[in-house]
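>>> structure of the sequence below:
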Amino acid sequence: MHMSYEHDIDTFLDGPRAALREQIVRDSSIEEDDGVFTAETPPDRIADALFRFGQALTKIYDLTFEAGKGTTHSQSL
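Predicted structure coming up:
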């Protein structure tokens, strides 16, 4: 999946959103190459990998809503 078909990806490559995107990629065990996300997994772990991949893409997509808002958020327990 490509990082963006409709957003200016330059905003994802610098600053706080870039750091958050990189952290999501690291934490989710996915890889990124020039805006293309992939996940390597053995066949017996495909369901788990697909779930983690979907979660990572959702988190990265959510960064598009941070435009103009900053990157801090509160977490309620």
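>>> pull out the buried positions in the biggest helix by length in the chain.
For the chain, the longest helix by residue count, based on DSSP state H, is helix 46-62. Within helix 46-62, the residues that qualify as buried are 49, 52-53, 56-57, 59-60, counting by 16 or more other Cβ atoms under 10 Å. Yep, even glycine has a C-beta here, placed from its N, CA and C like the rest.
>>> what does stretch 18-37 give?
20-21, 24-25, 28, 30, 37.
>>> can you tell me which of those are in strands?
Among the buried residues of stretch 18-37, the members falling in strands (DSSP state E) are residue 37.
>>> what ranges do the helices span in the chain?
For the chain, the helices defined by DSSP H occupy 10-13, 15-28, 46-62.
>>> avg pLDDT for the last one?
Spelled out, it's helix 46-62. Taken as a whole, helix 46-62 carries a mean pLDDT of 92.
>>> send the alpha carbons of that helix over as CSV?
Only the C-alpha atoms of helix 46-62 are listed here, as CSV (Å, rounded to 0.1, in the frame of the first residue of the first chain):
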residue,chain,number,x,y,z
ILE,A,46,-0.6,-14.5,8.4
ALA,A,47,-3.7,-13.6,10.5
ASP,A,48,-1.7,-11.9,13.2
ALA,A,49,0.5,-10.1,10.7
LEU,A,50,-2.5,-8.9,8.8
PHE,A,51,-4.1,-7.6,12.0
ARG,A,52,-0.9,-5.7,13.0
PHE,A,53,-0.5,-4.4,9.5
GLY,A,54,-4.0,-3.0,9.5
GLN,A,55,-3.5,-1.4,12.9
ALA,A,56,-0.3,0.2,11.7
LEU,A,57,-1.9,1.6,8.6
THR,A,58,-4.8,3.0,10.6
LYS,A,59,-2.4,4.7,13.0
ILE,A,60,-0.4,6.2,10.1
TYR,A,61,-3.6,7.3,8.4
ASP,A,62,-4.7,9.0,11.6
